[in-house]
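Participant: predicted model and sequence below, questions to follow.
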Amino acid sequence: MNAVVLFGIAFVGGTIVVTLVFYFLMRLIMGSDPTGKDRELAGAIVMRIASLHALILALVFAQEMIEYQQLKFESVTEANAIADVYFDADRYGADEKAPIQQALFEYVQIVVDDEWRLLGATGQLSPAAWNKWDNVYQRVLDLTPTNARQQSIREHMLSDVHRIAEARDKRENSGTDSISIIFWFAAVSGVVFMALGYYPYPPDPRNLLLLSVLGAFTGIILFFIYAFSDPYNPPATLKPTAFERLLDELATPPASG
């Protein structure tokens, strides 16, 4: 079975176990509720805790999903900017295009083969990729337009080179962000307190099943939050698809010159 599936099952199973353990612990401490007088107050308290807990999970889940999708968008933006510079170099002139295109091709290779993995391992960008970016930047700066067409192309290329750098910085920030331990404390506390509040209800099969469903669904949401909080590592690894497609589009590196 896939390791991600096993990890997800363990994550969900853990929340079920926590829910049931604290439910039985509270019953052991408080005893049963034969008269049913505790149920009304316990139900009201559990309802309020559940509402706040659901709000916390929803807000954090939405935040992580937005950041995950933003990283995907920034990767596409960066790949598009690279392609624009690559083909603008061809439009600028035959003599200047080869070294710029060569550096860009090698840059994309580094991103796909090394930098994406490095972001997952260390949260840092590859110095080699920065060197290739700087190579392109310096060469574009050194271009000497001889007509209005070349002047316009050079300005667009400089703008796109800066877009690449900005997208790189955003990729690095996405890799270093992590969920605060305070969130996990609040999330687990919510599960525990909800489980404690159900102690007046007897541990018959139906009630235990419902408590397990509560724990399982909470575990699923927590698992998704954990997965999307680190887009460069499993279980929700975001692959450099935009760069891989660009690498295929560029096919083979042009001859250096």
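Facilitator: Looks like it arrived, so ask away. Numbers count the residues shown, from 1 in each chain.
Participant: following element in sequence after the helix or strand hosting residue 87, please.
Facilitator: Assignment of secondary structure by DSSP states H and E places residue 87 within helix 37-92. Downstream of helix 37-92, the first helix or strand assigned by DSSP H and E is helix 94-110.
Participant: hey, C-alpha coordinates of stretch 212-229 in PDB?
Facilitator: Coordinates of the C-alpha atoms in stretch 212-229 are reproduced here as PDB (Å, rounded to 0.1, in the frame of the first residue of the first chain):
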ATOM      1  CA  SER A 212     -15.400   7.500  15.900                       C
ATOM      2  CA  VAL A 213     -17.000   9.300  12.900                       C
ATOM      3  CA  LEU A 214     -16.300  12.600  14.700                       C
ATOM      4  CA  GLY A 215     -12.700  11.700  15.300                       C
ATOM      5  CA  ALA A 216     -12.200  10.300  11.800                       C
ATOM      6  CA  PHE A 217     -13.500  13.400  10.000                       C
ATOM      7  CA  THR A 218     -11.500  15.700  12.300                       C
ATOM      8  CA  GLY A 219      -8.400  13.600  11.500                       C
ATOM      9  CA  ILE A 220      -9.100  13.800   7.800                       C
ATOM     10  CA  ILE A 221      -9.200  17.600   7.900                       C
ATOM     11  CA  LEU A 222      -6.100  17.800  10.100                       C
ATOM     12  CA  PHE A 223      -4.300  15.400   7.700                       C
ATOM     13  CA  PHE A 224      -5.200  17.700   4.700                       C
ATOM     14  CA  ILE A 225      -3.900  20.800   6.600                       C
ATOM     15  CA  TYR A 226      -0.700  19.000   7.400                       C
ATOM     16  CA  ALA A 227      -0.300  17.800   3.800                       C
ATOM     17  CA  PHE A 228      -0.900  21.200   2.200                       C
ATOM     18  CA  SER A 229       1.300  23.000   4.700                       C
END
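Participant: now do the helix holding residue 87 against helix 94-110, angle only.
Facilitator: Angle of helix 37-92 versus helix 94-110, following axes from the mean of the first three to the mean of the last three CA atoms, to 10 degrees, is 160 degrees.
Participant: return the backbone torsion pair for residue 199.
Facilitator: Recorded main-chain torsions at residue 199 are phi -60, psi -30, according to degrees, to the nearest 10.
Participant: burial count for it?
Facilitator: Burial of residue 199 is recorded as 23 neighbouring residues (other CB atoms under 10 Å). The C-beta positions use only the backbone N, C-alpha and C, and glycine is treated the same way.
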